[in-house]
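S.K.: Any chance you can model this:
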Amino acid sequence: MERILISDLPAQAARTTAESRLRCSAIGLALVASLVAGCASNNPQDPMEPYNRAMFKINQNVDKAVLKPVATGYKDVVPTPVRKGVTNFFGNLGDVWSMANDFAQGHVVEGLNGFMRVGVNTVFGVFGVLDISSEMGLYKQPNDFGLTLARYGIDSGPYFVMPLLGPSTIRDAAGTGVGIYYAPFNYTTNNAAVRNSATVLQLVNTRANLLSTTALLEQIALDPYVFTRDAYLQQRRSQVKAVRSEGMLSPGPLDSGGGDADADAVGQDSNAMDSGARAEPASSSAASPAMPLSETLSSRAVPSNSPAASPAASAARP
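M.R.: Sure thing, here's the model as predicted:
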């Protein structure tokens, strides 16, 4: 009898080990499920999440099917100095819109900085192809009409994913529409073919600049939608605080941003949910994402509702 019991010990131990592993696996799956469910949002600034997620997915699919392959080929064929010149050229046009919004916000010093940037880069930088101004210490200070509305107390409204253009809010989407209509390139030529060609070039060049960033996003983000949304909202709150309290968007080579204090500032109560970084100058890229389509998130992206980051601006007029 003792021999039989002793002979059963290895089997019992194996069963115990298997049961223990199953319990650990079940606990692990439950934790992952709860984490994913938590990421599913509960963000009070995203009441339209079902629509936003659907549009985010559509934007991703369009990007993967069309933009990303074209941008990859463009990057492989076009030399880096040429792509940098294209980025600078459209960035110079974006500076015109930023300057107009600086003055509209009552930030005269920043407006004059933009005026000098555009003048120097246009005259000495071959219509902005060369960024001479940054070498002189006249750094890019991205601005847009969404921030102008925020400057005068307009609330951000809910988070909103725009078709093709990516992350935004209701207020910033309105600002984007104004920016598209009044984009400087619309008034440089009456030739629709030239404007449309420039729009396509800017869009492809912008996407090419963000290829490495979006690849990293796909690798590290458990939920790309939540990651993109929270980073965008925090970035915009940082910019709103800057235009309201500091009078400028933290000028400097990296254009680093500050914290948040805003009616947009569900943020002070939800910092645990919100993560992201202030964008670098538009001359570095054009996102979110934000970048073209839904992936407009990048540490080197212009605010997504800036004309420099909205290639559709050039085709807005017939």
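S.K.: Mind listing what's buried along stretch 132-151?
M.R.: 132-134, 138-151 (16 or more other Cβ atoms under 10 Å). The way it works is simple: take the backbone N, C-alpha and C, and place the C-beta from them, glycine included.
S.K.: An error on my part: the question was meant for stretch 179-191.
M.R.: G179, I180, Y182, A183, P184, F185, N186.
S.K.: which of these lies closest to V77?
M.R.: Closest approach to V77 among the buried residues of stretch 179-191 (Cβ to Cβ): F185, at 24.0 Å.
S.K.: ok, T214 to P163 distance?
M.R.: For T214, the distance to P163 equals 18 Å [Cβ to Cβ, to the nearest Å].
S.K.: more crowded one of those two?
M.R.: Taking other Cβ atoms under 10 Å, T214 and P163 do not tie; T214 has more neighbours (26 against 11).
S.K.: Is there a neighbour count for Q234? I'd like the number.
M.R.: Neighbours of Q234 under the rule other Cβ under 10 Å: 23.
S.K.: Report all helices and strands that the helix or strand containing it contacts.
M.R.: Assigned by DSSP states H and E, Q234 falls within helix 224-241. On a contact count with 3 or more Cβ pairs under 8 Å, 6 or more residues apart in numbering; DSSP states H and E, helix 224-241 meets helix 49-62, helix 145-151, strand 159-162, strand 166-169, helix 211-220.
S.K.: The fourth one pairs with which strands, parallel or anti?
M.R.: Sheet pairing of strand 166-169 (DSSP bridges) gives strand 159-162 (antiparallel).
S.K.: What lies in contact with the strand it pairs with?
M.R.: The contact list for strand 159-162, computed with Cβ atoms under 8 Å, 6 or more residues apart in numbering, reads 43, 45-46, 48, 51-52, 55-56, 59, 167-170, 172-173, 176, 229, 232-233, 294.
S.K.: Need the CA coordinates for that strand. PDB is fine.
M.R.: Extracted C-alpha coordinates of strand 159-162, given in PDB (Å, rounded to 0.1, in the frame of the first residue of the first chain):
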ATOM      1  CA  TYR A 159     -12.100  64.900 -28.800                       C
ATOM      2  CA  PHE A 160     -12.800  64.400 -32.400                       C
ATOM      3  CA  VAL A 161     -11.000  62.300 -35.100                       C
ATOM      4  CA  MET A 162     -11.200  64.000 -38.500                       C
END
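S.K.: Report the rounded mean pLDDT for that strand.
M.R.: Regarding strand 159-162, the rounded mean pLDDT is 97.
S.K.: Also stretch 118-126?
M.R.: 95.
S.K.: can you check stretch 139-152 too?
M.R.: Mean pLDDT, stretch 139-152: 93.
S.K.: End to end on it, go ahead and measure it.
M.R.: Stretch 139-152 has an end-to-end distance of 25 Å (criterion: Cα to Cα, to the nearest Å).
S.K.: Restrict stretch 106-120 to CA atoms and write it as CSV.
M.R.: The C-alpha coordinates for stretch 106-120 follow below in CSV (Å, rounded to 0.1, in the frame of the first residue of the first chain):
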residue,chain,number,x,y,z
GLY,A,106,-2.2,90.0,-29.4
HIS,A,107,1.3,88.5,-29.2
VAL,A,108,3.1,91.2,-31.1
VAL,A,109,6.7,90.1,-30.3
GLU,A,110,5.9,86.5,-31.5
GLY,A,111,4.2,87.9,-34.6
LEU,A,112,7.3,90.0,-35.4
ASN,A,113,9.5,87.0,-34.9
GLY,A,114,7.3,85.1,-37.4
PHE,A,115,7.5,88.1,-39.8
MET,A,116,11.3,88.1,-39.7
ARG,A,117,11.5,84.4,-40.1
VAL,A,118,9.3,84.4,-43.2
GLY,A,119,11.2,87.4,-44.6
VAL,A,120,14.7,86.0,-44.1
